[in-house]
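Trainee: This is a predicted model, with the sequence first.
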Amino acid sequence: MTATRRVLAGVVLLATMLGSAWADEKCIWQVPADAPVRGEAMARIQQKLARHVRQMVETGHMAPLRVSTGESGGEFWFVSPGSVAYSLAVAIPYLPETDRAAALRYLKSEVTKYAPHSGVLPLKEGARREWYREAPEFYAVARRVPKWSRLSGLCGLWAYGHYTGDWETVGAQYDSAKEVFIKEGKRVATLQDVQGMVGFARIARALGRPEARVAEKAAAQALLAARDVKAMAENAAKLYNASQHVRRGQGYPNTLYKGFWDLTPELGRYLAQNVGDKAEDIRTDLEWRIPMWYASRAPVPNEWWPNIPARAEDTFCPPRISGAIFLMRAYIAGNDAATLEGFLDIPYCPGDLDYIQQCVALLRAYHGPKWIDLRRSAAK
């Protein structure tokens, strides 16, 4: 290699490294700027969002949803307090003034009693999410105790502080959050974990804690791991498995949507810029396997388990499919608002956190992509 070529190769390598560092920095410190609701289309979605959040607030704390889709048995969904905190926090800026104060009180109560990074909500504590009543023993039985990463909940804790301005409550949970960051940050396995690492870096900086710089470097490392997006999705399918077929190693292609639960717009943009083709391959394959992915309680297609000739043991799809694929379309594929609204169905149940996130993603799509830098603002 000539000297000139070596210099050019070095310049290309340096540019690649600088570009990667800039992409990491944007994902850590830039978040969407929430714009006022204007126009008929945004008002229509705001009304749907407000009605659903209002129902949650009036109901009080809600227990996880238990669903039995057929002979495969019952499973619990919406088990993460971090998902509750994140979903409601991002909704706050889009709620009408008449609903905002009550939602803030409700959210503070949830975050105070059930720390976002505490793992799994009590399965029988709170109002039921099911549309129908069941015998008490129904809610006490599950094929497996649900799992959830505590690390991922740090994203919800940050979102609470950012969207409510209540950094005092976040500060009161900082020591336990730091413990989760230290213990679980060494084994980042899913995109939800990556978002948790980013969340802790933001919290540490907002509160002016000495760990802020170390946390930022750790978040950047986690983002590099996120580029192996298929492995991250497969890890989520294992961790959050609600199917014996996944446990047997059969169902990964059909359950990779779990890797994109609670996807943030900043991580979606990062994936689009760095591994967009790989993420799109996952989405298009999922949509082929689950043709009615967008429908609430869609019938199970034959393609759902390609290795099982007749899928007769389930009658409809489980929760949390439409929400994940919707967010992939919104934040990675960059679908326009009109396209996204065509995929917005009714909630799967009361307290459907995915439905809340879908409405927020749709409102963001209507007002267009605008970003703010968190380093230009500080916690009060």
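Mentor: The structure has been received and is ready for your questions. Residues are numbered from 1 along each chain as shown.
Trainee: What is the least confident helix or strand in this protein?
Mentor: helix 244-247 (a mean of 45; mean pLDDT, DSSP states H and E).
Trainee: all helices for the stretch 1-150 of the chain, in order.
Mentor: Applying DSSP state H, counting those that start in this stretch to the stretch 1-150 of the chain gives helices spanning 3-29, 39-59, 81-91, 97-113.
Trainee: quick one: which of those is nearest residue 369?
Mentor: Nearest to residue 369, of all those, is helix 3-29, at 12.2 Å by C-beta to C-beta. All C-beta atoms are positioned from the backbone trio N, CA, C, and that covers glycine.
Trainee: mean confidence for that closest one?
Mentor: The pLDDT scores in helix 3-29 average 54.
Trainee: How about the contacts made by the residue nearest to the spatial centre of the chain?
Mentor: A centroid search over the chain (C-alpha atoms, centre = their mean) returns residue 262, at 0.7 Å, as the residue closest to the centre. Counting by C-beta atoms under 8 Å, 6 or more residues apart in numbering, residue 262 makes contact with 82, 83, 86, 87, 152, 155, 192, 195, 353, 357.
Trainee: closest to residue 237 among the residues you listed?
Mentor: residue 192 (12.2 Å).
Trainee: give me the number of residues near the closest residue to that closest one other than its chain neighbours?
Mentor: Excluding the flanking residues, the one nearest residue 192 by C-beta to C-beta, 6 or more residues apart in numbering is residue 152, at 3.6 Å. Counted with other C-beta atoms under 10 Å, the neighbours of residue 152 add up to 32.
Trainee: For residue 152, give me its contacts.
Mentor: 80, 82, 190, 192, 193, 195, 196, 262.
Trainee: Where does the fourth one fall, secondary structure wise?
Mentor: Following DSSP states H and E, the helix or strand that holds residue 192 is helix 191-206.
Trainee: what comes up buried for the helix or strand following that helix?
Mentor: The element immediately downstream of helix 191-206 (helix or strand, assigned by DSSP H and E) is helix 212-226. Buried residues in helix 212-226, counted by 16 or more other C-beta atoms under 10 Å: 212, 215, 216, 218, 219, 220, 222, 223, 225, 226.
Trainee: What is the subsequent helix or strand relative to helix 212-226?
Mentor: helix 229-239.
Trainee: Helix 191-206 and that next one, what's the angle between them?
Mentor: Put simply, helix 229-239 runs at 100 degrees to helix 191-206, going by axes from the mean of the first three to the mean of the last three C-alpha atoms, to 10 degrees.
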